[in-house]
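Peer 1: sequence and predicted structure are below.
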Amino acid sequence: MTREGRIPATGYATERDRSVEYDDRTIWLSRTIESAATGLPGGPLVAGFLLFGWLPIALAGLGIVAAESMSATFVLAYATAALLLSALPSMIWYYDVRVLTTFAGRMTARVDDEDVLVETAERFDRRFAEWYPAAVVPWTILLLVVLFGSVPTLEAQGIGGPTEPLFWSVALFFVWGGLLTGIGFHGAFVTVGYIATLVERTRLSIDPYHPDKLGGLSAVGYFAIRTTLLLSSGALLLPLAFELAAGTPFQEPIYLAVVVYVLVIVGSFCYPTWLVNRAAHAERVERLDELGDEIGSIQTDLSAASAHDVDDVVTQLELQRLQQLYDDYREIRLYPLSPSILTQLVGSVLLPSTILFVELVAGV
């Protein structure tokens, strides 16, 4: 099929239904949500909210109602953080069950060694399900350090310090938030490690006629951008962090942390997709060399032929086919970045950047 005859890109219809048999595991949050989702309208997404979404809303609501002098900006920041934490369990389930565990199926046609693909999928599914405390525990401790360092702010907002029960409701809110957002960070590490390991251990194949017009690599972009969106959603916690840190020694470090956070968001997409692009480019160069040798050999045979016969016509047609294939390989885009993915990536970066900009302007 020539370039003009390609089928328009329609998502992942050619790969969506592929499955790879392996003993995939899910994190405890996903298992709990799926167990409760049976018979519920809306399935796991609704179950995630009903099981876990009420807790941050209840804790924030308690603080907002009971605090004596909470400002409007603090109320808005607290409510925004609560809404994010109420949605995060369902978002984590979606990443775990719909993104992480289906990536292997979408990559079956893009790797040479399916055994390596299965082994890598098992390894990183298990890592996401079991190793999350390595990210959650230090992250939660850091959040609690910020909380205890912000006691003057909490007292000014009518919440009080460690001797007040309301303070401990906020501490519980931070512990729950640390658990969920820590799992989100953990997911980003898993995605980067998964793709990097796959690229290192097996060769990628590219298809110049794949409907995604990216050589079939759109599955990598889909996987990476879904992880980036999960990671960037944590930016909705920033207004509360800024409110707590105002006037404390944590103010400048939090600004710096936001800059690092934006770089992590960009890196969680750009680094693994760059690795894939580099491997795919090397594969293309090798394929172009092979096609060039075939084309050169056929041209030599045609030049040496003394007369044109039926065999020469067949050879000419084969030469045209190879030349067209060569052009198709040479012109294919190999970076898994479609307009849709680019829009989502820009949005992921703009969200925390905009919040930081507004905070800096408001503080001037």
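Peer 2: Right, received. Where do you want to start?

Peer 1: ok, Thr227 - how many residues close by?
Peer 2: Look at Thr227: counted by other CB atoms under 10 Å, it has 27 neighbours. Using the backbone N, CA and C atoms, a C-beta is placed for each residue, glycine as well.

Peer 1: next: Val46.
Peer 2: Val46 has 16 nearby residues by other CB under 10 Å.

Peer 1: Arg333: neighbour count?
Peer 2: Neighbours of Arg333 under the rule other CB under 10 Å: 14.

Peer 1: just to check, it is in contact with Gly216?
Peer 2: No: taking contacts as CB atoms under 8 Å, Arg333 lies outside contact range of Gly216: 11.5 Å.

Peer 1: can you list the residue ranges for helices in the stretch 201-350 of the chain?
Peer 2: 218-232, 238-245, 251-304, 310-331, 339-363 (DSSP state H, counting those that start in this stretch).

Peer 1: do the stretch 51-200 of the chain as well
Peer 2: Ranges of helices in the stretch 51-200 of the chain, per DSSP H, counting those that start in this stretch, are 54-66, 72-93, 103-106, 114-130, 133-149, 151-156, 165-201.

Peer 1: so which elements touch the longest one?
Peer 2: This points to helix 165-201. With contacts taken as 3 or more CB pairs under 8 Å, 6 or more residues apart in numbering; DSSP states H and E, helix 165-201 sits against helix 54-66, helix 72-93, helix 114-130, helix 133-149, helix 151-156, helix 218-232, helix 251-304.

Peer 1: with the second one instead?
Peer 2: In this structure, helix 72-93 makes packing contacts with helix 28-37, helix 43-48, helix 54-66, helix 165-201, helix 238-245, judged by 3+ CB pairs under 8 Å, 6+ apart.

Peer 1: most packed of those?
Peer 2: helix 238-245 (a mean of 23; mean count of other CB atoms under 10 Å).

Peer 1: could you check the pLDDT of the residue nearest to Tyr326 when sequence neighbours are not counted?
Peer 2: Counting by CB to CB, 6 or more residues apart in numbering, Tyr326 lies nearest to Leu291, which is 4.5 Å off, once chain neighbours are set aside. Note on Leu291: pLDDT of 94.

Peer 1: which residues does Pro239 contact?
Peer 2: Pro239 makes contacts with Thr73, Leu76, Ala77, Thr80, Ala81, Ile355, Glu359, as judged by CB atoms under 8 Å, 6 or more residues apart in numbering.

Peer 1: mind running it again at 6 Å?
Peer 2: If a contact means CB atoms under 6 Å, 6 or more residues apart in numbering, then Pro239 has Ala77, Thr80 as its contacts.

Peer 1: could you list the low-pLDDT ranges of this protein?
Peer 2: By pLDDT under 70, the weakly predicted segments of the chain are 1-19, 21, 23, 305-311, 362-364.

Peer 1: middle-most residue in it, spatially?
Peer 2: The chain has Thr227 as the residue nearest its centroid, 1.4 Å off, counting by CA atoms, centre = their mean.

Peer 1: that residue contacts Gly193, doesn't it?
Peer 2: No: between Thr227 and Gly193 there is no contact, the gap being 11.2 Å when judged by CB atoms under 6 Å.

Peer 1: what does stretch 323-343 contact?
Peer 2: Residues from elsewhere that reach stretch 323-343 (CB under 6 Å, 6+ apart): 208, 214-215, 217-218, 220-221, 225, 273, 277, 280-281, 284, 287-288, 291.

Peer 1: oh sorry, the question was meant for stretch 217-231
Peer 2: Stretch 217-231 is contacted from outside by 91, 95, 99, 103, 106-107, 184, 187-188, 191, 212, 265, 268-269, 272-273, 276, 336-337, 341, 344, 348, using CB under 6 Å, 6+ apart.

Peer 1: check stretch 27-35 too.
Peer 2: For stretch 27-35, using CB under 6 Å, 6+ apart, the contacting residues are Pro44, Ala47, Gly48, Pro89, Ile92, Trp93, Asp96, Val97, Ala129.

Peer 1: how distant is it from the center of its chain?
Peer 2: Relative to the mean C-alpha coordinate of its chain, stretch 27-35 is positioned 20 Å out (CA atoms, centre = their mean, to the nearest Å).

Peer 1: how about stretch 73-92?
Peer 2: Relative to the chain's own centre, stretch 73-92 is displaced by 20 Å; criterion: CA atoms, centre = their mean.

Peer 1: repeat for stretch 104-122
Peer 2: Distance, centroid of stretch 104-122 to centroid of chain: 19 Å (CA atoms, centre = their mean).

Peer 1: mind exporting it as CSV, just the C-alpha atoms?
Peer 2: Extracted in CSV, the C-alpha atoms of stretch 104-122 (Å, rounded to 0.1, in the frame of the first residue of the first chain):
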residue,chain,number,x,y,z
ALA,A,104,1.9,-5.3,26.7
GLY,A,105,-0.9,-6.3,24.5
ARG,A,106,-0.6,-3.1,22.5
MET,A,107,3.2,-3.7,22.0
THR,A,108,3.0,-7.4,20.8
ALA,A,109,3.5,-6.3,17.2
ARG,A,110,6.2,-3.9,18.0
VAL,A,111,8.7,-6.2,19.7
ASP,A,112,10.8,-9.1,18.4
ASP,A,113,10.7,-11.2,21.5
GLU,A,114,7.3,-11.7,23.1
ASP,A,115,8.8,-13.7,26.0
VAL,A,116,10.8,-10.6,27.0
LEU,A,117,7.6,-8.5,26.7
VAL,A,118,5.7,-10.9,29.0
GLU,A,119,8.6,-11.0,31.5
THR,A,120,8.9,-7.2,31.6
ALA,A,121,5.1,-6.8,32.0
GLU,A,122,5.1,-9.2,34.9
